[in-house]
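Q: Return atomic coordinates for the entry below.
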Amino acid sequence: MQMAAAVVAAEAEPNYRLPANVPPDIGAWFWESLEDFKPGEYQTFIDLVATHSPFRLLTTSQRVPKEVTDPDVHARVKEAAAYARQRGILIVYDLDIRMARAAFQKVYPDELQEMLRVREADLNGAGETRIVVESAGGLEDHMTWGSKAKYHSLAGRLVRVYSYVRSAAAIEPDTVRDITGIATVVESSGKQVVVSIPAAQDTTGRKAAVMAAFTHFTPDVHAPHLLEFQRGIFAAYKDVPLGGAMKDEWGFPPSKDTVGNDFWFSRSHAQAYALKTGGRDLVRDCLRMFAEERGARGERQAVINSYVELAWQRNAEIEADYYRATKETFGPDAFVGVHPTWIGAGLGRNELNKNGWDWWAVRRDFGQTDEETPYCCRTALAKKGGGAVWYNQFYADNKNIQAYARELWGGALSGGRVNYHPIYPPVARSVPSTVPLLQGDLMRGQCRVRLLNFISRTTLDCPVAVVFGHPAATNWAGPVFNDSGTRLAGRFWSACFPADLIPTYEIGNEALKVSADGFVQYGSQRYAAVVLYHPEFEKPHALDFWKKAAAGGKTALYRVGDWTTTFEGKPIDGNAELPRQMAVLPASDEHGAMAKVVSRLLELGLSPSYERKGLGGKCRLMDGTEVVVAADPAECSGRPIQTTMTVRGRTVTVDALGIAAVRLDKDGSPEALAAGGLKAFRAGAFTVELAERADTALWRDEKGAWHGVLQGHAGPVPPPLQALTQDWLRLDVPPPAPNPPAATP
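A: Numbering: from 1, shown residues only. Next up is the predicted model:
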């Protein structure tokens, strides 16, 4: 890594922030009150962060009833971005189209998102049947927090009514009738659609499914003008000196526990679905997805596969255009944040309904997640993004500040960094919610962890990949719905051989590849072992991929679960079609499956690349950097490290605080070193001993010349370090923020 370093005089203004070519320290900023939009109000927060944190980027969003298209919002953002640049901080602002929903509605009132709700009732063969379908109401998430601009249901309409005979198990397909023509709409509003169905010759002993669409206050994901309108927002902000743009938790409006009963829908969506499926009727297929029809399970599974695939592909397409717009508007180095994950606790039914589990298809320069997203997902997204680290946006409440320390050091131990979300819920309007994060020694720990950013070129080495069948895990009519393999991947982490979790659609995206020399590879990660987890409903190109992987011969291949049905719902003996080199693991014994793979890794001579004990442990990055972490929730800045470790078969001793990392070249000579509170380091004939501890990072360039960073150290560069190189970047450590003044009674 090259860096233009400079000596900073002791009397110069403090320097807290990393050079632009080093992964940045990131915090989050939310404009939560109309007070924040007063001229100059932004200065208080920016000054606070500039003085008491190392943050160089602030992922920033408004959480008030204003829109990014409002002239005063543009004016305040422009002023704040310019002022922040003066303080060495870049604003990454939220230009998402959801922040301009009223403006979009005004221009394109017929392109709003609908939800198709299916409600079933017994028909009264002797008289009228009245069926009420209620809307989902005002759906909400952080995009509507603190405002009245929820994803309200604005209107309702009857789309279709079907009648049929249904046993306990299934609909009798020959009995399905479209009876929309005899139905009368009694009420059609944003609250509910009420339908009256008269007694008729064939209503006795039958059921009816009323399908009503409710329009919500947000652009239709399939809106024809969505991308064009969003590009218009970027054009309006081209004069603003932003460091990038953020798009957070994108997808359909948040709805919970509705999979299989409610369907995101619109006329444009139906057209896209028909185009994808060769002319199929989305409304009729929603009935098939709602309830099984006797003898047509394969057809039901096929339409679910197509519906879900269209969801993740369209959402990923929108994210990709946002990424391109950010780079085109604010420059190729502009930062695109934040995470495609939503609830943050892992893959699940609600995430599926929001974006089809599109996480891996979302384009970012760094993998980005949030909250409690499983580590196997974080590391996989890092490989896809290609950056040297991943970021997890994290928050806790004011009584649990130590949780941030766990996130910080846990991330350092697995190739990640924290995007510091302010505490939530906030303590008081008069005290910025970020203040508690800046008061103790948490930022001191952050500064020590960031030393790794100077020497590491890659993230955590994960020798295993669990490649889960995305269609199988997302098909609620299939045998393994909602099982993404996360638990199995976690078992590999517990066994000290961490695994990346990757969906099979990354085969079709040509992101999961077989390298020229025969390894299964994702980004720059080559895998010693890959587990294909539940291949049900896969496409033919997946079979071609696994045959190629087997022919490559460098990655041990395993399978959990059977392949009996194609994506189109047709029978297949996929087990026989898969390569014979792919060993079968028991689906009912995850621990046994993991143990068998780990045994093979040990036979291959691989050593564990990850070990965690509390907040401490060690790990190995893909570039060979060995990292040791020692921390405690009560000591956020790190604990003493006095260790001897083996790196590339050579003995290395380190005396440091919090973090220590070393990379040796093929000859056993140090190539890079980073240590918090370094006191002593020895690797062969290479020795550094300091009279006083100092946060230090050292690395050699391609010509073998040393470069260094010295952090939080007053006075001249210590002689043992000065003897190595004259090229030093001096970084200060920001002082803790003071306690805010007590409120006036």
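
Q: When you work out contacts or count neighbours from here on, use the C-alpha atoms and nothing else.
A: Fine.

Q: Could you confirm residue 120 falls within a strand?
A: Yes: counting by DSSP: H, G, I helix; E, B strand; the rest coil, residue 120 is part of a strand.

Q: What are the neighbouring residues in contact with residue 292?
A: Applying C-alpha atoms under 8 Å, 6 or more residues apart in numbering, we find residue 292 in contact with 169, 170, 171, 300.

Q: Check the residues you listed against residue 470 and report the nearest one.
A: residue 300 (16.5 Å; C-alpha to C-alpha).

Q: so that closest one sits right up against residue 289, yeah?
A: Yes: assessed by C-alpha atoms under 8 Å, residue 300 is found in contact with residue 289 at 5.9 Å.

Q: between the two, what contacts are shared?
A: Common neighbours of residue 300 and residue 289 (C-alpha under 8 Å, 6+ apart) are residue 477.

Q: With neighbour numbers in mind, choose between the two.
A: residue 289 (28 against 25; other C-alpha atoms under 10 Å).

Q: ok, then the element right after the helix or strand hosting the more buried one?
A: Assessed by DSSP states H and E, residue 289 sits inside helix 282-290. Where DSSP H and E defines the elements, the next helix or strand beyond helix 282-290 is helix 297-330.

Q: Neighbouring strands - and their directions - for the helix or strand just after that following helix?
A: Following helix 297-330 in sequence order, the next helix or strand is strand 335-337 (DSSP H and E). For strand 335-337, the paired strands and their directions (DSSP bridges) are strand 244-246 (parallel).

Q: contact partners of the helix or strand immediately after the partner strand in the chain?
A: Counting by DSSP H and E, the element after strand 244-246 in chain order, helix or strand, is strand 262-265. For strand 262-265, contacts defined as C-alpha under 8 Å, 6+ apart pick out 113, 114, 115, 116, 117, 118, 213, 252, 286.

Q: Would you mind pulling up the elements that the helix or strand following strand 262-265 packs against?
A: The helix or strand immediately downstream of strand 262-265 is helix 267-277, counting by DSSP H and E. In terms of contacts (3 or more C-alpha pairs under 8 Å, 6 or more residues apart in numbering; DSSP states H and E), helix 267-277 is packed against helix 282-290, helix 297-330.

Q: now the angle from helix 267-277 to helix 282-290?
A: 80 degrees (axes from the mean of the first three to the mean of the last three C-alpha atoms, to 10 degrees).

Q: Show the pLDDT at the closest residue to residue 590 other than its chain neighbours.
A: Take residue 590 and drop its neighbours on the chain: the residue closest to it by C-alpha to C-alpha, 6 or more residues apart in numbering is residue 488, 5.9 Å away. Residue 488 carries a pLDDT score of 98 in this model.

Q: Can you report how many residues neighbour residue 605?
A: Applying other C-alpha under 10 Å, we find 8 other residues in the vicinity of residue 605.

Q: Residue 28 now?
A: Applying other C-alpha under 10 Å, I find that residue 28 has 20 neighbouring residues.

Q: For the particular helix or strand that has it in it, output the C-alpha coordinates as PDB.
A: Element membership for residue 28 (DSSP H and E) is strand 26-31. Provided in PDB are the C-alpha atoms of strand 26-31 (Å, rounded to 0.1, in the frame of the first residue of the first chain):
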ATOM      1  CA  ILE A  26     -17.400   6.000   9.800                       C
ATOM      2  CA  GLY A  27     -20.200   7.400  12.000                       C
ATOM      3  CA  ALA A  28     -23.900   7.900  11.400                       C
ATOM      4  CA  TRP A  29     -25.700  11.200  11.600                       C
ATOM      5  CA  PHE A  30     -29.500  11.700  11.700                       C
ATOM      6  CA  TRP A  31     -31.300  15.000  11.300                       C
END
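
Q: ok, back up a step: for the helix holding residue 289, packing partners?
A: Judged by 3+ C-alpha pairs under 8 Å, 6+ apart, helix 282-290 is in contact with helix 267-277, helix 297-330.

Q: buried sites along that helix?
A: For helix 282-290, a neighbour-count test (16 or more other C-alpha atoms under 10 Å) marks 282, 283, 285, 286, 287, 288, 289, 290 as buried.

Q: If the nearest residue to residue 687 once chain neighbours are set aside is in a bridge, with which residues?
A: Nearest residue to residue 687 in three dimensions, chain neighbours excluded: residue 681, at 5.7 Å (C-alpha to C-alpha, 6+ apart). For residue 681, the beta-bridge partners under DSSP bridges are residue 654, residue 688.

Q: still on that earlier bit, helices and strands around the strand holding residue 28, which ones?
A: Secondary-structure packing of strand 26-31 (3+ C-alpha pairs under 8 Å, 6+ apart): strand 57-62, strand 416-420.

Q: Let me have the ones you listed in CSV, extended by mean pLDDT.
A: Putting the helices and strands packed on strand 26-31 into CSV (pLDDT from 0 to 100) gives the following:
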stretch, mean pLDDT
strand 57-62, 96
strand 416-420, 98
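
Q: JSON lines for those, including mean neighbour count and distance to residue 164?
A: Below are the helices and strands packed on strand 26-31 laid out as JSON lines (neighbours: other C-alpha atoms under 10 Å; distance: least, C-alpha to C-alpha, whole Å):
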{"stretch": "strand 57-62", "mean neighbour count": "25", "distance to residue 164": "49"}
{"stretch": "strand 416-420", "mean neighbour count": "26", "distance to residue 164": "53"}
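
Q: now the ones you listed as JSON lines including distance to residue 537?
A: Listed next are these as JSON lines, based on distance: least, C-alpha to C-alpha, whole Å:
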{"stretch": "strand 57-62", "distance to residue 537": "39"}
{"stretch": "strand 416-420", "distance to residue 537": "34"}
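
Q: Now do the SS call for residue 345.
A: Going by three-state DSSP: residue 345 is coil.

Q: what about it, distance to residue 377?
A: Distance from residue 345 to residue 377, counting by C-alpha to C-alpha, to the nearest Å: 11 Å.

Q: what does residue 739 give?
A: Counting by C-alpha to C-alpha, the gap from residue 739 to residue 377 is 37 Å.
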